[in-house]
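Chemist: fold the following, please.
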Amino acid sequence: MKYMGSKNRIAKHILPIILAGRKEDHQVQITNAENCTRLLDAGESVADILRSVDRDVPDPILEQITKDSEMVISYWQCKDTAGYKPVRFNDDGRLYVFGDAGSWSGSYGGNVSIQDLVRYAKTRGSILSPNSTLGEE
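Modeler: Next up, the predicted model:
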């Protein structure tokens, strides 16, 4: 492979190709994700955050999920201990959760959809609000 030097001289040719796949509302999505993450950091519930960007709240359990909620995501971990917390919203509408609840490789995180977040929140042992554990009497 031959080194071509700086791409400045071919930028005018390749820039239209790179920008062709860009969505028109991508910057709006990024701004919404940043605002949602700020609200999450401030302690708002996921349901309130979704309403702030005019999205539907598919399940009332989202009212109880905040940045301090801990969830059991059994296929990420070796034991059924709550430990995964919501960290930030992504521009694609998914939520990044992170924590250490006994996975083989230590701390782990990943992007989850709102529907998956509801499913994890309903898992026995998930801690959604202070002093309440789902599934315990």
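Chemist: for residue 71, grab the count of nearby residues.
Modeler: By the criterion of other Cβ atoms under 10 Å, residue 71 has 26 neighbours. C-beta here means a position set from N, CA and C on the backbone, and glycine is covered the same way.
Chemist: residue contacts, it?
Modeler: Counting by Cβ atoms under 8 Å, 6 or more residues apart in numbering, residue 71 makes contact with 82, 83, 84, 85, 97, 117, 120, 121, 123, 126, 127.
Chemist: now, which of the residues you listed lie within helices?
Modeler: Taking DSSP state H as the definition of helices, these contribute 117, 120, 121.
Chemist: any chance of the contacts of residue 71 in TSV, plus distance to residue 61, pLDDT and neighbour count?
Modeler: As requested, those are exported to TSV (distance: Cβ to Cβ, whole Å; pLDDT from 0 to 100; neighbours: other Cβ atoms under 10 Å):
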residue	distance to residue 61	pLDDT	neighbour count
82	14	85	22
83	18	85	23
84	15	89	27
85	16	93	19
97	15	94	24
117	9	93	24
120	10	90	19
121	5	90	21
123	11	86	15
126	9	86	24
127	13	87	21
